[in-house]
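**Student:** Fold the following.
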Amino acid sequence: MDPELRRTWLFGPGADLAAHEAMLASPADALIADLEDFTPPQRRPQARENIAALLVHWRTAGKVAVVRINDLATDGLVDLNAAMPGRPHVIAYPMATSSEQMRALDEAITGMEKSLGIALGSTEILPVCETALGVVDVRNIVAGNARIRCALLGAEDLASDLCAERQPDANELDYARRRFILECRAARIEPIDAPYTFTDAEGAFKEAHYSRRLGYRSKSLVRPDHAKSINAALTPSDEDVHRASAMVTAFEAARARGDDRTLVEGLWVEVPTYRNALRTLERAKRLASA
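**Tutor:** Numbers count the residues shown, from 1 in each chain. Okay, the predicted model is just below:
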C-alpha cells in the first residue's frame, strides 16, 4: 500500500494477545506492535517470542505489519532479531533524532534481510519524532535513506519534552503539527499525524479532520475503536468528490474558452486548486479500490 493510502497507524502492546486480535478486527490500515513504551520491560521476552508469528498473521490478513523496536543503544537489536523472521513491512524507531540512528538501523536491517532471504531494501524504516529535536530536524534525520517513506509525529513524549499541558483540543501541539508536515513535505516523505490519546471517538474524528485540513493524509492512534472515525475523516466524502468534480469540470471548461481561472462556490479555481481537486478524485478512487 502506498504511503499516502495508509490512513491509520494503530499502536498496540507487544505482549497482549487479546489486544492483537482487537487491532486486527479494526479497520486500521497499519498495525504497530510496540515493543517499547507499550510493553513493560518484564513482558518483552514474551513479546519477542511471539512477534514474528504475529507479524505474519497481520500480513496475511492484508494489514501493513509494523513493529516498534527499542533504541539500538538498549534492546533494539534483540527486538529486531526477533521481529525480522516475521518479515515486517515497517520497523518503527522511537525518539528519532539523527541520521546516524537511521543509518545504523538501515545497516542492521540489511544484514538481516541478507541472512533471511528477504528482498534487500524492502523493509521500511519509520522514524517516530517525539522530541523537539526530532520535529525540527526531521529533514536531516531522513536525508538520503531510501527505506524511509514516512515519519510519525509523537504526542505524549513530545508534550513532555515541550513541558506542555495536554488537553483534548491539542492546542499545545499545534505548532509542532504544522512544522512537522512542512518539514516532511519538504523532504518528500509522508507525514503521519500524532495520535489522539483521549477516549472519545468524536474528538478523534474532529482532530483527524483538522489534520486533513493541514495536509495530513495519515494519522496514528492508540485505540482500535477510533480507527473507523479517523478513516472516515481522512477519506474524501461523497460531498468532497462532488465538489472536486465540479471544480475540475468548471476549470477545464474555462481553459477551453481561453480563461485563466473560474469561480466555483465563491472560490477562484486556478491551476493549484485544480490540481488539488484532481488529487482528491484520484485519492477517492484509489481508496475505494484498495
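**Student:** From here on, just use CA atoms for contacts and neighbour counts.
**Tutor:** OK.
**Student:** what about stretch 114-132, start to end distance?
**Tutor:** 35 Å (Cα to Cα, to the nearest Å).
**Student:** mind listing what's buried in the helix or strand harbouring Ser115?
**Tutor:** Counting by DSSP states H and E, the element that carries Ser115 is helix 99-116. For helix 99-116, the neighbour count (16 or more other Cα atoms under 10 Å) marks 99, 101-103, 105-106, 109-110, 112-113 as buried.
**Student:** which other residues reach it?
**Tutor:** 72, 77, 80-81, 84-85, 119-121, 123, 125, 127, 140-143, 145, 147 (Cα atoms under 8 Å, 6 or more residues apart in numbering).
**Student:** rerun at 10 Å
**Tutor:** Here helix 99-116 makes contact (Cα atoms under 10 Å, 6 or more residues apart in numbering) with 71-73, 76-77, 80-81, 84-87, 91, 93, 95-96, 118-127, 137-148.
**Student:** Would you map the helices across the stretch 151-290 of the chain?
**Tutor:** Secondary structure of the stretch 151-290 of the chain (DSSP state H, counting those that start in this stretch): helices at 156-162, 174-186, 201-214, 227-233, 238-257, 271-289.
**Student:** Return the most buried member of those.
**Tutor:** For the helices of the stretch 151-290 of the chain, average neighbour numbers computed from mean count of other Cα atoms under 10 Å are highest in helix 227-233, which has a mean of 21.
**Student:** Would you mind pulling up the elements that it packs against?
**Tutor:** Helices and strands touching helix 227-233, by 3 or more Cα pairs under 10 Å, 6 or more residues apart in numbering; DSSP states H and E, are strand 8-13, helix 201-214, strand 218-221.
**Student:** wouldn't Ile51 be in contact with Val78 here?
**Tutor:** No - using Cα atoms under 10 Å, Ile51 is not in contact with Val78; the gap is 11.8 Å.
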